[in-house]
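[1] structure for the following, please:
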Amino acid sequence: MPTNAMVIAVLSKVRDIRFVRYVCASVGALAVDVGCFLALLALGMVAAPASAIGYSAGIVAHWFMSSRAVFQDKVAADGVARTRQKALFVVSALMGLALTTGIVGLGDWSGVDPRLAKGLAIIVSFIATWLVRSRIVFRHEDSAITDAGAPSVTERG
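    Sure thing, here's the model as predicted:
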C-alpha cells in the first residue's frame, strides 16, 4: 500500500513537465524497442540478443526525442560540450542496455517468459536512465544554450 509520502512524491513528479515529456519520449522509444524485440523473437532470434538490438534501436529514437523535446533547453552548444553530452547519453544508454539484456537473459535462463522479463527490465531501465540523464547528462551547468546565430537544436544531431 503506498504511503502518503510516496503519493506526494509521484504527484510532484507528474507536475514536473520535464518528467512528463521524458515519460512520453520513453514511450516512443519503448515502442521502437519492443517492436524490434517482438519482431526478432517472431523471427526465431534468442531473447537476450533480440532485447539488445531492440533496446539499441530505442536508444537512437530516445536521443532525438530527449534532445529536442525533453531537455531541449539543456542541450550543450556545439563542440566539446556537445560531444561530451552525447557520450554521456550513450553511457547512460549502455547502462540501460546492460540492465535490460541482463534481466531478460536471466529471466529467460530461469524459465520466465521473455516478455515478462522484458517488462521488468523496462521499469528498472527507465528509472535508472531517468536518474542518470536528468542529474548527469543534461545538467544545467554542462549545457549552454546556443548563442544567437548558432544552429538550433532541431538543426543539429
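[2] quick one: neighbours of A76, just the number.
    Each residue near A76 was counted by other C-beta atoms under 10 Å, and the total is 23. C-beta here means a position set from N, CA and C on the backbone, and glycine is covered the same way.
[3] tell me the pLDDT at it?
    Confidence at A76, expressed as pLDDT, is 84.
[4] what kind of secondary structure is it in?
    coil (DSSP: H, G, I helix; E, B strand; the rest coil).
[5] how close does it get to I103?
    Here A76 is placed at a distance of 31 Å from I103 (C-beta to C-beta, to the nearest Å).
[6] element containing H62, please.
    Remark: H62 resides in helix 47-65, with elements defined by DSSP states H and E.
[7] next one: T129
    Under the criterion DSSP H and E, the helix or strand holding T129 is helix 114-132.
[8] tell me the angle that helix makes with helix 47-65.
    What separates the directions of helix 114-132 and helix 47-65 is an angle of 40 degrees, with axes from the mean of the first three to the mean of the last three C-alpha atoms, to 10 degrees.
[9] what is the lengthiest helix in the chain packed up against?
    Among the elements of type helix in the chain, defined by DSSP state H, the one spanning the most residues is helix 80-109. Contacts defined by 3 or more C-beta pairs under 8 Å, 6 or more residues apart in numbering; DSSP states H and E place helix 80-109 against helix 47-65, helix 114-132.
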